[in-house]
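Predicted structure and sequence below. I'll ask about it afterward.
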Amino acid sequence: MAEPIVVETGNEEETRALGAALGSVAEPGDVLFLQGPFGAGKTTLVQGLARGLGVEDRVTSPSFVIACEYQGRIPLYHIDLYRIEQMDATTLEALAEYFGSDGVCAVEWPDSVPVDLASGAVRITLAATGEDERRLELDAAAPRIREVFEQRSRRSDGVRRRNAARH
Ligand code: ADP
Ligand code: MG
């Protein structure tokens, strides 16, 4: 299996920019699982994704519904499964429909998605490493998606090297 690729961002805008780059390479049927605790930057990444897809509406969290739909170059389905421990049949059916649709799905709190539905998903794990620093780790994914992370991963290596040289 391919090695995970890590990108470090130093502010909210860098996380949005990463999301936007993902949005520009996204294809119908892409499902992104965004894992990580509150405040890790999942929704911020989705805001970038929306920007990269050319969505004009503001992306907020789908708090009282399972999914929010946005129109861009291709549709974006922002799905939030927080608080869903046991999936009911209706939710499962809705998810299967979103995952197999003509759009991109970005799923926060995806742990309750059953394996058969989760198998095609791209996993991105986010963590806060400082007040404004976030670490985003990409697991196995299509080359066009890995490329987005690889470019920025090299860039953050460069930043680390420059900082290290200064000390
Ligand atoms: P989640 O959806 O994972 O709960 P949000 O994206 O809603 O997280 O919130 C992330 C919070 O962290 C926002 O308040 C944002 O301004 C802040 N933040 C600070 N630095 C970053 C960064 N590098 N990337 C993303 N968000 C950041
Ligand atoms: Mg969120």
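Yep, that arrived. Ligands and ions are numbered 1, 2, ... in the order given.

ends of stretch 120-140, how far apart?
10 Å (Cα to Cα, to the nearest Å).

Contacts for it, please.
Stretch 120-140 has contacts (Cβ atoms under 8 Å, 6 or more residues apart in numbering) with 1-2, 4-12, 15, 18, 29-37, 39-42, 45, 99, 107, 110, 113, 141-142, 145-146, 149. (Each C-beta comes from the backbone N, C-alpha and C, glycine too.)

That one near ligand 2 at all?
No. Stretch 120-140 does not reach ligand 2 (Cβ under 5 Å from the ion); its nearest approach is 9.9 Å.

any low-confidence regions in this protein?
Across the chain, the ranges flagged by pLDDT under 70 are 1, 63-64, 155-167.

Name the single longest strand found in it.
For the chain, the longest strand by residue count, based on DSSP state E, is strand 122-128.

what lines up beside it in the sheet?
With DSSP bridges as the test, strand 122-128 is paired with strand 31-35 (parallel), strand 134-138 (antiparallel).

Make JSON lines out of the ones you listed and add mean neighbour count and distance to Q71.
Listed next are the strands paired with strand 122-128 as JSON lines, based on neighbours: other Cβ atoms under 10 Å; distance: least, Cβ to Cβ, whole Å:
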{"stretch": "strand 31-35", "mean neighbour count": "23", "distance to Q71": "18"}
{"stretch": "strand 134-138", "mean neighbour count": "22", "distance to Q71": "26"}
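
Distance to ligand 1 added to the ones you listed, as a markdown table?
Converted to a markdown table, the strands paired with strand 122-128 look like this (distance: least, Cβ to the nearest ligand atom, whole Å):
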| stretch | distance to ligand 1 |
| --- | --- |
| strand 31-35 | 7 |
| strand 134-138 | 4 |
